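>>> No sequence on hand, only this structure:
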């Protein structure tokens, strides 16, 4: 009885502190439900939190996220607008991203783009804002602006797998197929084992001529329906663009690929697909390293991508690396990974904590 009396006194004399704790507990419960896919139950928790504190921007923002997952885009837009209008310094930028996605899903992509531009003016450069802008431009087939904004997103955060994947798609669509190969591999390094990793690896194999293009394009992330034909997914009788772009003579890469493929064919027997991939990949990276002689224009391709992969090529981990990025595609790579735990861990430690060049 005494304990209950003390608790009642605490609530009576410190109601704001007690209410704050209840609000946060409810939000935490809602977030856990959201993460478990229980979006409607999560919303009910946020509504309870708002009954404690009607001005809780965290609860309102989380509501917007859950409505977005429920595909109730009107409500996702409504609640994210409330957070934007409240100008919460911690949540406003994220709310812009939620509202822009809701607008896009309601076929209001132009409004979504203008909203994200407003967010950049208000909050400055942030990789999420630039990535979402790139994604919206990608959806309306504006590849130039897609590449411009996804590059900024990557410059701001080189650990975001989505940005590398979108960059790879856009580069391939404009015929920059060599640059696309390296961006696909950056994506696969950061996300090696998802379904979209398997699809990305398939598209990359087609670009590298390791595997012929199928009649139906490989399924891509970010868009609902495949509306493109890969310009660099090469049929046996089709040659990719070979002109010099960004200081790269793509004819050298094409020649290295075709020469490697020819040398792998012995007695009319086709080599296994994994071996073909590793050998072609090695040939491509070798030529790129040789071409990176210090005379090229200073852009990310020559100053970041090529040195990055050249370092892996000359390390003790190239074979492990090839296994790592192909685990979603080749069952034998997954089997190798499971049977070589020590080597796998050594590679990951080297990649994550190695010398400054690889980082």
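Received, thanks. The structure presented is a predicted model; accordingly, all values stated were derived computationally and were not measured.
>>> now the strands for the stretch 201-350 of the chain?
If DSSP state E, counting those that start in this stretch is used as the criterion, the strands of the stretch 201-350 of the chain fall at 244-245, 248-249.
>>> Deepest in the core, which of those strands is it.
Stretch with highest mean neighbour count among those: strand 248-249 (a mean of 18; mean count of other C-beta atoms under 10 Å). The way it works is simple: take the backbone N, C-alpha and C, and place the C-beta from them, glycine included.
>>> In the stretch 251-359 of the chain, where is pLDDT below threshold?
Scanning the stretch 251-359 of the chain for pLDDT under 70 picks out the ranges 267-268, 354-359.
>>> Could you count how many residues lie near residue 241?
Look at residue 241: counted by other C-beta atoms under 10 Å, it has 15 neighbours.
>>> Is there a neighbour count for residue 87? I'd like the number.
For residue 87, the neighbour count with other C-beta under 10 Å is 11.
>>> Let me see the contact set for it.
Residue 87 makes no contacts at all, as judged by C-beta atoms under 8 Å, 6 or more residues apart in numbering.
>>> Residue 123 versus that one, what's the distance?
Distance, residue 87 to residue 123, using C-beta to C-beta, to the nearest Å: 10 Å.
>>> Show me the domain layout of this protein.
Listed domain ranges for the chain are 1-99, 134-359 (source: automatic domain parsing).
>>> Put together JSON lines for those, with distance to residue 114 on each row.
Rendered in JSON lines, the data for those read as follows (distance: least, C-beta to C-beta, whole Å):
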{"stretch": "domain 1-99", "distance to residue 114": "11"}
{"stretch": "domain 134-359", "distance to residue 114": "10"}
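>>> Which stretch among those approaches residue 110 most closely?
Distance to residue 110, taken as C-beta to C-beta, is lowest for domain 134-359 among those, at 8.1 Å.
>>> For the closest one, what is the distance to the chain centroid?
Counting by C-alpha atoms, centre = their mean, to the nearest Å, domain 134-359 is centred 14 Å from the centre of its parent chain.
>>> Tell me, how many residues neighbour residue 293?
By the criterion of other C-beta under 10 Å, residue 293 has 8 neighbours.
>>> Can you give me the distance of it to residue 283?
According to C-beta to C-beta, residue 293 and residue 283 sit 18 Å apart.
>>> mind putting the strands of the stretch 201-350 of the chain in a markdown table, mean pLDDT included?
What follows is the strands of the stretch 201-350 of the chain, written out as a markdown table (pLDDT from 0 to 100):
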| stretch | mean pLDDT |
| --- | --- |
| strand 244-245 | 90 |
| strand 248-249 | 92 |
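>>> Can I get those in CSV including distance to residue 57?
Below are the strands of the stretch 201-350 of the chain laid out as CSV (distance: least, C-beta to C-beta, whole Å):
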stretch, distance to residue 57
strand 244-245, 47
strand 248-249, 48
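>>> To residue 143, which of the ones you listed lies closest?
Nearest to residue 143, of all these, is strand 244-245, at 14.2 Å by C-beta to C-beta.
>>> circling back to that earlier point, of the strands of the stretch 201-350 of the chain, which is nearest residue 174?
Between residue 174 and the strands of the stretch 201-350 of the chain, the tightest spacing by C-beta to C-beta is seen for strand 244-245, at 9.4 Å.
>>> For stretch 45-55, buried residues please.
45-46, 48-50, 52-53 (16 or more other C-beta atoms under 10 Å).
>>> So for the spatially most central residue of the chain, what's the nearest residue that isn't a sequence neighbour?
In the chain, the centroid-proximal residue (C-alpha atoms, centre = their mean) is residue 162; its distance is 1.0 Å. Counting by C-beta to C-beta, 6 or more residues apart in numbering, residue 162 lies nearest to residue 131, which is 6.3 Å off, once chain neighbours are set aside.
>>> Tell me which helix or strand comes right after the helix or strand containing the one you found.
Counting by DSSP states H and E, the element that carries residue 131 is helix 127-139. Under the assignment DSSP H and E, the closest C-terminal helix or strand after helix 127-139 is helix 143-156.
>>> How about that following helix, which residues are buried there?
143, 145-147, 149-154, 156.
>>> tell me the mean pLDDT for that helix?
Across helix 143-156, pLDDT averages out at 96.
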